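1. the amino acid sequence is not available; the structure is as follows:
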């Protein structure tokens, strides 16, 4: 079966963008916290934030600031 991966990804992205616009503040904050917790599972995230954004933080402080 043939499919156009780019078309599927574009459609999926459009659906996500539209649904994210409809979230209330608490839902948006919950999603942001979930993403932050996920990213902090990866190695060197703290160092990356410091190098790229010029901020020194911890996972707990970063999430609290959201």
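-> Sure, I can see it. Being a predicted model, the structure only gives us computed values, none of them experimental.
2. SS state for residue 18?
-> Classification of residue 18 using DSSP: H, G, I helix; E, B strand; the rest coil returns helix.
3. quick check: residue 39 touching residue 49?
-> No - between residue 39 and residue 49 there is no contact under C-beta atoms under 8 Å: 9.2 Å. Every residue, glycine included, has its C-beta placed from N, CA and C.
4. which of those two has more neighbours?
-> residue 49 (17 against 13; other C-beta atoms under 10 Å).
5. quick one: contacts for residue 45?
-> Going by C-beta atoms under 8 Å, 6 or more residues apart in numbering, residue 45 touches 39, 59.
6. now with 7 Å?
-> Contacts of residue 45 were listed using C-beta atoms under 7 Å, 6 or more residues apart in numbering, and they are residue 39.
7. same check, this time on the one 4 residues further on
-> With contacts defined as C-beta under 7 Å, 6+ apart, the neighbours of residue 49 are 55, 57.
8. so where does it fall, helix or strand?
-> Using DSSP states H and E, residue 49 falls within helix 45-53.
9. buried residues in that helix?
-> Across helix 45-53, burial judged by 16 or more other C-beta atoms under 10 Å covers 45, 49.
10. ok, stretch 6-15 next?
-> Quick answer for stretch 6-15: no buried residues (16+ other C-beta under 10 Å).
11. fine, thanks again, bye for now.
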